[in-house]
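Chemist: My questions are about this predicted structure, shown below with the sequence.
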There are 4 protein chains.
Amino acid sequence: MAEIKEASSAEVGATAPGVRARRKAQRPQEILHAAFDEFVERGYTATRIEDVANRAGVTKGTIYLYFQNKEELFQDVVRKLSQPIFNEEQFWQEHQNRPSDELVRLYLDTVYEHMTVNPYSREILRFLISDGRSFPDLTASHYEEFVRPILTMLQHILEKGVREGIFRPEAAASQMSYILLSPALTLTIDKLLDCQTDLPELGDYVNAHYEMIMRNVRN
Amino acid sequence: MAEIKEASSAEVGATAPGVRARRKAQRPQEILHAAFDEFVERGYTATRIEDVANRAGVTKGTIYLYFQNKEELFQDVVRKLSQPIFNEEQFWQEHQNRPSDELVRLYLDTVYEHMTVNPYSREILRFLISDGRSFPDLTASHYEEFVRPILTMLQHILEKGVREGIFRPEAAASQMSYILLSPALTLTIDKLLDCQTDLPELGDYVNAHYEMIMRNVRN
Amino acid sequence: MAEIKEASSAEVGATAPGVRARRKAQRPQEILHAAFDEFVERGYTATRIEDVANRAGVTKGTIYLYFQNKEELFQDVVRKLSQPIFNEEQFWQEHQNRPSDELVRLYLDTVYEHMTVNPYSREILRFLISDGRSFPDLTASHYEEFVRPILTMLQHILEKGVREGIFRPEAAASQMSYILLSPALTLTIDKLLDCQTDLPELGDYVNAHYEMIMRNVRN
Amino acid sequence: MAEIKEASSAEVGATAPGVRARRKAQRPQEILHAAFDEFVERGYTATRIEDVANRAGVTKGTIYLYFQNKEELFQDVVRKLSQPIFNEEQFWQEHQNRPSDELVRLYLDTVYEHMTVNPYSREILRFLISDGRSFPDLTASHYEEFVRPILTMLQHILEKGVREGIFRPEAAASQMSYILLSPALTLTIDKLLDCQTDLPELGDYVNAHYEMIMRNVRN
DNA sequence: CATGAATGAGAATTCATTCAT
DNA sequence: CATGAATGAATTCTCATTCAT
C-alpha cells in the first residue's frame, strides 16, 4: 500500500505553492486511504467515521468537508483506489511482434505481479462481495472498468494466437478467457479467506496456471 | 432451503408429544433459515435481530431463547446450514468400475448441480469473505469440513486416472485439483457479485470446464 | 439461615398427609427463602425472577402462583422473614427479680446473639436502605414491628433501673436507649459494607458496649 | 450540592477561552450531580442513563462523552462527590491549646454540622450498602479515605486526653472511638430510612451524644 | 477550513409477566 | 397445579451527522 500512497503524494508535492495548500490538496487522498484501511480491517458497516478520521490524522468533521457521507466515502474508495492492471494499447506497443504464447506468459506475469504487489483489487473485491448489493451501480461500473478489460485483453491475445494459427480456433470461444483466468481468482479468494491452504510457491503456481492455459489453447 | 426444513420436520413430526413441543423443535431451524436469508440480503452487521425475528415469525426475545447472541447466531448459520457436496465413500460405491474421465464428468455434474440447486455454499462463502476475520476458527473449520473434501475428491479421481494410465502423471500434482476446479469458483463469485456478465448457458459452461480439465490431464 | 429453613420445614413435616401436599405447603416458604438469598446477593432490581425460581427448584411460572409480582415478593420477603428479637413478656417472665444491670447484660447478649446467628435482620435493613423508598409503608411498618420493640425493651429496662434507684434518672430520657444501642447498629452496618475494618473480637466488643452503657446509666 | 458546583465554576470561569470550553469544563460536574440525585431517588440499578441526562440538561449520548459507562459513572459519583469532614492537620492548628474535652465537643459539632449541611456522605453510604458488593474496591477505598480518618481523628483526641490525664487510660482502647461515634451513624441510618422516628431536636441529640462520650472517657 | 461537543435515532440484549399446554 | 415458550417494553450503549466556535 505504501508505494501507492507515496505515488499519490508525489504527484502533488512538486509544484504545490505552500505546505498548507499541499496538505489540503492531499487530504482527500489521505482520507481515502485511511478509509480503505479501516474498511479492510473491519468491513464497511463496522467501520466508524471517527476511526477513519483518526487514521487520517484529522477529526470527524473534516471527513464531511470532502465526502457527503459514509456511503459516498465508501463508493469513492472503490472508485478512486481501483487501479487498472493493463493499459491495453501500451501492452501491444511494448510487446509488438512477440509470439502469442509469450504474450500469454507476459500477461499472466503482469496479472500475478499486480496481485502480489497490490492489495487494492483484492480488497475491493471483498468490499463488493460484502456490500455490493447496497451499491449495485458501483459493482457494475467497477466490473466494466476494471475486470472486463482484463478478460478482454486475454481474449485479444487468444484471438491473435488463433489468427496466427498457433492456437486452435476454439481458444477464442466466448467463455474461454473466463475459464482460463479462473485460477488467478481462486488465489485471490484464498487470500481473502486467509485460511491456511497449502498452496505451493507462487512461481510454481503461475507456471502451472500457464501450462494449463497452453494445454487448452495450443493446436 | 425447502428440503432442509422438510427434513427437520420429518425427524420430529411423527412422535412429537404436542404442538408446543413440535414448535419448539422447529424453531431453531426456522430462525437459522430466517437469519440466513437476512444475512444474504443485508450482510451480517447490517442485519437486525428484529428483522430475523420478523422473518421467522417470532419476536426478538425468542431469538435469544435459542441463540446466545448475534455472533452465535451467525456462526450457527454457517455451521448448521453448510452442506457437504460429496459423501466420498458413497460416490465410489455408486460409481465403481467407471472410467476416470467419466468420473470427472460425474464429479463436475455433481458440483454444478449442487451450486445450482442450493444457495448455501455460495452465500456462506460470502459470509466468510465479508466477516470471516471476526470468526477465524469458523473460517478454518468450514474450509476443512466443506471445501477441502471437494478438492480431495477430485485429487483422488485424478490419482486413479494416473494409476490406470489414462491420465498423465502430472495430473496428480499437488496444486492441480486446485487449478482445475477454479472455474467453478469463478462462477460462484460471479453470482455473488450479481453483475451482468455475459456468460453462456450453464450446460455449455460445464462442458467447457470439463474439456479444460481433460486437456490438462489426459495422456 | 439453614436453621430457619429447617425450622419451617419441621413445622409442617410431621402431620402432613402426603409428600405432594407437604411440598405444596412448603412452596411459599421455599420461594421466600430463595428470593431472600438472591436479593442479598444481587439486590432487588438486579435479581431475576428466574434466579429465584431456579434456587427454589421451581420454574418462573410457579412464582406467580404464590406471589402477585416481583414487588409483592420483595415485600413478603421483608414481612415474613423478619423475626422479632424479643418477646418482651416472655423476657420479663424468664428474668424476674434480676437486677437491672444484669438485665441490660442479658438484653445485650440476646441482641448480639441474634445478630450473629441470623442474617435476616441485617439484610432486611439493607433492603430497606436500598429500596425502601419504593415501599414506604413497608419501611414504616417494619420499623414499628421489629425495630421499635427493641428500643422499647431497653427503655423499659432502663426505667426499671431508675425506679430501683440503681440507674440515674436521666437514664430513661427519651433519646437515651437510641444512643445506647447505637454500637450494635454500627456493627451491623460494618458487616453490610463488608469492608475490612479492624474490629476486635465480638466478645470484647460486647463487653465494651456493655461498659459504655453502664457508665452512662449508673448512678 | 450548590457549593460544589460553584467551586468548580470558579476554578475555570476566569480564563476559559470560550463558551464551548466553559461548558465542557462544567459538564462532568453537572452530570455527576445529576447522577447523584437520581441514584439517591431511585437507586443505582433503577436509574436510567436517560434520567441522568435529562436532569443534567443534556442527552444520553453526552453522558458517554464523559463517562465510559454506567458503572464508571456510579464509581465517579462516589469518588468525586465524597468529601472529607476533617483536615486533621488544620484542625489541630486551629484548636491548639484547647482542653481535650472541648476538642471532643468541637469534633462532634463538626461531624453533625457536616451531616446536616451535606447529604453526600449519607447518600454515598446508602450507595455502598446497596450496591457496594458490585464494586468492592470502591467500598474499601472509600472507607480508607473518608471514614477511617474520622475515627482516627477521634482516636487522636482521646489519646491526647489520656496523655493529659483528664481521660482515663481505657479511653484510648482500640474499639473505643468506634463505639463512641456510633450514635452519629445511627442518626445517619435513620435519615436513610426516612421513617418517622420520634427523635428530639438535633441540638439535644448532640448534647446527649457528647455527654455519653464524656461519661465514658473522663477520669 | 477545521474542530469536536452534542445530538438522537437505532440496535443488541434483558427480563417481568402471561398463558396455552 | 406446574411448566416454560413467547412476548415486548425497557435499557444500555453506539455512531453518523450537525453546527457553533
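Modeler: Thanks, I have the structure now.

Chemist: Looks like residue A:98 contacts residue A:104 (just checking).
Modeler: No. Contact criterion CB atoms under 8 Å: residue A:98 and residue A:104 do not qualify, at 9.9 Å. No exception for glycine: its C-beta is placed from N, CA and C like everyone else's.

Chemist: who has more neighbours, the two?
Modeler: For residue A:98 versus residue A:104, neighbours defined as other CB atoms under 10 Å in any protein chain shown are more numerous around residue A:104 (22 against 15).

Chemist: ok, now how distant is the more buried one from residue A:217?
Modeler: With distances taken as CB to CB, to the nearest Å, residue A:104 is found 8 Å from residue A:217.

Chemist: Mind listing the shared neighbours of the two?
Modeler: residue A:161 (CB atoms under 8 Å, 6 or more residues apart in numbering or on different chains).

Chemist: Domains in chain A, by residue range?
Modeler: A:2-80, A:83-217 (automatic domain parsing).

Chemist: In terms of mean pLDDT, which of those ranks lowest?
Modeler: Lowest mean pLDDT within the domains of chain A: domain A:2-80, at a mean of 80.

Chemist: and that domain, does that touch chain D?
Modeler: No. Against chain D, domain A:2-80 shows no contacts by CB under 8 Å from any CB of the partner chain, the least distance being 12.2 Å.

Chemist: ok now that domain, how far from the chain's centre?
Modeler: Centroid displacement of domain A:2-80 relative to its chain, using CA atoms, centre = their mean, to the nearest Å, is 19 Å.

Chemist: residues touching residue A:82, list them.
Modeler: Contacts for residue A:82 (CB under 8 Å, 6+ apart) come out as A:120-121, A:124, A:142, A:145-146.

Chemist: Recalculate using a threshold of 6 Å.
Modeler: The contact partners of residue A:82, by CB atoms under 6 Å, 6 or more residues apart in numbering or on different chains, come to A:124, A:146.

Chemist: how much space between it and residue B:76?
Modeler: As judged by CB to CB, residue A:82 and residue B:76 stand 36 Å apart.

Chemist: do residue A:56 as well
Modeler: Distance, residue A:56 to residue B:76, using CB to CB: 38 Å.

Chemist: Packing partners of the helix ranked longest in chain A?
Modeler: Using DSSP state H, we find that the single longest helix of chain A is helix A:19-42. Identification of packing neighbours for helix A:19-42 by 3 or more CB pairs under 6 Å, 6 or more residues apart in numbering or on different chains; DSSP states H and E yields helix A:2-13, helix A:49-56, helix A:70-81.

Chemist: quick revisit: tell me which of residue A:56 and residue B:76 has more neighbours.
Modeler: residue A:56 (23 against 17).

Chemist: residues in contact with the more buried one?
Modeler: A:30-31, A:34.

Chemist: let's go with 10 Å and repeat that
Modeler: Going by CB atoms under 10 Å, 6 or more residues apart in numbering or on different chains, residue A:56 touches A:26-35, A:37-38, A:62-63, A:66.

Chemist: Ok, residue A:107 next?
Modeler: Neighbour list for residue A:107: A:85-86, A:91, A:95, A:150, A:153-154, A:156-157, A:181, A:210, A:213 [criterion: CB under 10 Å, 6+ apart].

Chemist: and if we set it to 7 Å?
Modeler: For residue A:107, the contacting residues are A:153-154, A:157, by CB atoms under 7 Å, 6 or more residues apart in numbering or on different chains.

Chemist: What helix or strand is it located in?
Modeler: helix A:100-117 (DSSP states H and E).

Chemist: Tell me the buried residues in that helix?
Modeler: Neighbour counts over helix A:100-117 (16 or more other CB atoms under 10 Å in any protein chain shown) mark A:100-101, A:103-105, A:107-108, A:111-112, A:114-115 as buried.

Chemist: Looking at these, which one is closest to chain D?
Modeler: Using CB to the nearest CB, residue A:115 comes nearest to chain D of the buried residues of helix A:100-117, at 43.0 Å.

Chemist: doesn't residue A:188 make contact with that closest one?
Modeler: Yes. Under the criterion of CB atoms under 7 Å, residue A:115 makes contact with residue A:188 at 6.5 Å.

Chemist: How about the residues of chain A by DNA strand F?
Modeler: A:46-50, A:60-61, A:64, A:69-71 (CB under 7 Å from any atom of the strand).

Chemist: If we use 6 Å, what do you get?
Modeler: A:48-50, A:60-61, A:64, A:69-70 (CB under 6 Å from any atom of the strand).

Chemist: What's the PyMOL line that selects buried ones from those?
Modeler: Entered in PyMOL, the line below selects the buried ones among the residues of chain A next to DNA strand F, by 16+ other CB under 10 Å:
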select buried, chain A and resi 49+70
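
Chemist: Quick one: end-to-end distance for stretch A:166-181.
Modeler: Here the two ends of stretch A:166-181 are set 19 Å apart, with distance taken as CA to CA, to the nearest Å.

Chemist: Contacts (any at all) between chain B and that stretch?
Modeler: Yes. Applying CB under 7 Å from any CB of the partner chain, one finds stretch A:166-181 touching chain B at A:174-175, A:178-179.

Chemist: Please report how far residue A:185 lies from DNA strand E.
Modeler: Note on residue A:185: its distance to DNA strand E, by CB to the nearest atom of the strand, to the nearest Å, is 32 Å.

Chemist: Just give me the neighbour total for that residue.
Modeler: The number of residues near residue A:185, taken as other CB under 10 Å, comes to 20.

Chemist: Now do the contacts for it.
Modeler: By CB under 7 Å, 6+ apart, the neighbours of residue A:185 are B:182, B:185-186, B:189.

Chemist: picking that back up, any idea which of the contacts of residue A:107 has the most stuff around it?
Modeler: Going by other CB under 10 Å, residue A:157 tops the contacts of residue A:107 with 26 neighbours.

Chemist: With just CA atoms, put the longest helix of chain A into CSV.
Modeler: This file holds the C-alpha atoms of helix A:19-42, laid out as CSV (Å, rounded to 0.1, in the frame of the first residue of the first chain):
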residue,chain,number,x,y,z
VAL,A,19,2.7,23.4,2.8
ARG,A,20,-0.8,24.4,3.8
ALA,A,21,-2.1,24.1,0.3
ARG,A,22,-0.2,20.9,-0.2
ARG,A,23,-1.8,19.4,2.9
LYS,A,24,-5.1,20.5,1.7
ALA,A,25,-4.7,19.0,-1.7
GLN,A,26,-3.7,15.7,-0.2
ARG,A,27,-6.5,15.5,2.3
PRO,A,28,-9.0,13.6,0.2
GLN,A,29,-6.4,11.1,-0.8
GLU,A,30,-5.2,10.6,2.8
ILE,A,31,-8.8,10.1,3.9
LEU,A,32,-9.5,7.6,1.1
HIS,A,33,-6.5,5.6,2.1
ALA,A,34,-7.4,5.7,5.8
ALA,A,35,-10.9,4.7,4.9
PHE,A,36,-9.7,1.8,2.7
ASP,A,37,-7.5,0.5,5.5
GLU,A,38,-10.3,0.7,8.0
PHE,A,39,-12.8,-0.9,5.6
VAL,A,40,-10.3,-3.7,5.1
GLU,A,41,-9.9,-4.3,8.8
ARG,A,42,-13.5,-4.1,9.9
